[in-house]
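> this one's sequence-less:
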């Protein structure tokens, strides 16, 4: 089977085709600020049986503040103060109504109490315990879907406390439209990388768009593990806007459970990434490295960038596609070109070495400028196919799954989150932990690598009437095919 891996970043669309575990073809298409045409060019160039993708586009949009404003509708129920959550969104309404901890609707909210703001907003609706009964959220969304550019409920999240589920829904609402636009540009998509390095379906990616954040860095780790055969290392992935530093453990990204993403304490797993604002396209002013990005002068741009500094200092050769004379010319506007380049790169070198000094394992470099940064720092090794490493990671990613199964034997049913399916269980029965694990695995429909069981008996009037259980299932991400090395 020919598998295409495609990674879309801030500056390029990278794509590879793997067949029988080997890189058969690859392409790197400059974006030049565009999205649709570069993706289509890459797809026209490479033919494959299956398409798998990752992207940093939602991260870039968040960094630049180019996401949708969010109207948050909270249904917190009794005993919970919503005030600390009100500022997460651009506008927030709090409605009465609630679902209890067993998933029973105690009070219905009034959908007519929601007044949509002006056009252009996304809607996030989160009710406490909605992952055990989604009816309240569904009714609000169905009543107002057409008034918003996108909608996000909280019930798709299988676990996490109420504040984390609220934060995840709001962050997801901000980036859902750009995630959808990316997927629609691709046409057929068979898999989308998650931020923990696992593969998911496009439908799952749009249910919880926050899971797409960090998919690019996670893809880089998988690609580096596959191409080098190493399991534990530190990857420095040099992009256009940032250098993303990510640890790998057992051949997959080191994961932060309940990851903090862009200041939001979320309810998702994601690669633990430290992003440094030193990508190849960041603009120089002579006094500092800015947060702005532009096409390097050597490749046709008009502003001085870190790439131009690397060219002038002799670390990067832009030919045959670029012109080193243009790098010297644009840096001359800031002073002596060589002095400007040396001062800028010394700042970068010190910062990178400071990040590496506490790590005693292998350091790997990926990205188009990987050889230049490796030479600058004198640390680590460059990954094979370093310029398309993330695309390789997409092609070799393993399908990851997670679910929480709730069992309520007093009522005689179980419930799978986030999918929402209900199933019958023996009324009044108290299952063993082993039986609960088996029951949950069958209900969720996949074989997990990790199982956690919480259960307690329900007693009323001194009589045991049933059991409440929560079973967490997780199939870990990683590399699917065997490494060619």
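Everything's here; your move. Everything numeric in this text was worked out from a predicted model, so none of it was measured. Numbers count the residues shown, from 1 in each chain.
> list the buried ones in the longest helix along the chain?
Using DSSP state H to define each element, the chain has its longest helix at helix 162-186. Buried residues in helix 162-186, counting neighbours by 16 or more other C-beta atoms under 10 Å, are found at 162-180, 182-183, 185-186. For every residue, glycine as well, the C-beta is placed using N, CA and C.
> Same check on stretch 368-378?
Buried residues in stretch 368-378 (16+ other C-beta under 10 Å): 368, 369, 370, 371, 372, 373, 374, 375, 376, 377.
> got a list of contacts for that stretch?
Residues outside stretch 368-378 that contact it (C-beta atoms under 8 Å, 6 or more residues apart in numbering) are 12, 28, 236, 238, 243, 280, 307, 310, 315-316, 345, 348-349, 352-353, 356, 365, 367, 380-383, 386-387.
> please redo it, this time with the cut-off set to 6 Å
The list of residues contacting stretch 368-378 from outside it, by C-beta atoms under 6 Å, 6 or more residues apart in numbering, reads 238, 280, 310, 315, 316, 349, 352, 365, 380, 382, 386, 387.
> which two from these end up farthest apart in space?
Across these, the longest distance by C-beta to C-beta is 21.6 Å; it joins 349 and 387.
> how about the helices in the stretch 51-200 of the chain?
Listed in chain order, the helices of the stretch 51-200 of the chain (DSSP state H, counting those that start in this stretch) span 57-63, 135-144, 162-186.
> Give me the distance between the second one and the centre of its chain.
Pointing back at helix 135-144 there. 26 Å (C-alpha atoms, centre = their mean, to the nearest Å).
> Contacts only, for the spatially most central residue of the chain.
With distances taken as C-alpha atoms, centre = their mean, the residue of the chain nearest its centroid is residue 213 (2.2 Å). Counting by C-beta under 6 Å, 6+ apart, residue 213 makes contact with 58, 59, 195, 261.
> Counting by contacts, list what the longest helix of the chain packs against.
The contact analysis (3 or more C-beta pairs under 6 Å, 6 or more residues apart in numbering; DSSP states H and E) places helix 162-186 against helix 57-63, strand 70-75, strand 122-127, strand 150-153, strand 264-265.
> Run the angle between it and strand 70-75 for me.
Helix 162-186 and strand 70-75 are oriented at 140 degrees to each other (axes from the mean of the first three to the mean of the last three C-alpha atoms, to 10 degrees).
> Give me the average confidence score over helix 162-186.
Averaged over helix 162-186, pLDDT sits at 94.
> do the same with stretch 60-78
pLDDT averaged over stretch 60-78 gives 91.
> Off-centre distance for it?
16 Å.
> swap in stretch 86-93?
On C-alpha atoms, centre = their mean, the centre of stretch 86-93 falls 23 Å from that of its chain.
> May I see the buried residues of it?
Under 16+ other C-beta under 10 Å, the buried positions of stretch 86-93 are 88, 89, 92, 93.
> Quick check, the first one in contact with residue 168.
No. Under the criterion of C-beta atoms under 6 Å, residue 88 is not in contact with residue 168, lying 10.2 Å apart.
> on that earlier part again, could I get the buried residues of stretch 368-378 as JSON lines with pLDDT and secondary structure?
Output for those, formatted as JSON lines (pLDDT from 0 to 100; DSSP: H, G, I helix; E, B strand; the rest coil):
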{"residue": "368", "pLDDT": "93", "secondary structure": "coil"}
{"residue": "369", "pLDDT": "97", "secondary structure": "coil"}
{"residue": "370", "pLDDT": "97", "secondary structure": "helix"}
{"residue": "371", "pLDDT": "98", "secondary structure": "helix"}
{"residue": "372", "pLDDT": "98", "secondary structure": "helix"}
{"residue": "373", "pLDDT": "98", "secondary structure": "helix"}
{"residue": "374", "pLDDT": "98", "secondary structure": "helix"}
{"residue": "375", "pLDDT": "98", "secondary structure": "helix"}
{"residue": "376", "pLDDT": "97", "secondary structure": "helix"}
{"residue": "377", "pLDDT": "97", "secondary structure": "helix"}
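> Phi first, then psi, for residue 81.
phi -90, psi 110 (degrees, to the nearest 10).
> Check the burial of it by counting its neighbours.
7 (other C-beta atoms under 10 Å).
> same question, residue 117
For residue 117, the count of nearby residues is 15 (other C-beta under 10 Å).
> Would you mind measuring from it to residue 72?
11 Å (C-beta to C-beta, to the nearest Å).
> Equivalent analysis for residue 313, please.
49 Å.
> Have a look at these two and say which one is more surrounded.
residue 72 (25 against 21).
> Just give the closest residue to that one, not the sequence neighbours.
Among residues not flanking residue 72 along the chain, residue 89 sits closest, at 3.6 Å (C-beta to C-beta, 6 or more residues apart in numbering).
> Against residue 449, how distant is the one you found?
Distance from residue 89 to residue 449, by C-beta to C-beta: 35 Å.
> Also residue 468?
Separation of residue 468 from residue 449 (C-beta to C-beta): 25 Å.
> for residue 346, same thing?
45 Å.
> Please apply the same query to residue 285.
In terms of C-beta to C-beta, residue 285 sits 49 Å off from residue 449.
> what does residue 400 give?
Residue 400 is 9 Å from residue 449, by C-beta to C-beta.
> who's more crowded, these two?
Using other C-beta under 10 Å, the more surrounded residue of residue 400 and residue 449 is residue 400, with 23 against 12.
> Please spell out which residues along stretch 272-285 are buried.
272, 273, 275, 276, 278, 279, 280, 281, 282, 283, 284.
> In this structure the fifth one contacts residue 348, no?
The one in question is residue 278. Yes. Between residue 278 and residue 348 there is a contact under C-beta under 6 Å: 5.4 Å.
> quick revisit: next, show the common contact partners of residue 400 and residue 449.
The contact sets of residue 400 and residue 449 overlap at residue 475 (C-beta under 6 Å, 6+ apart).
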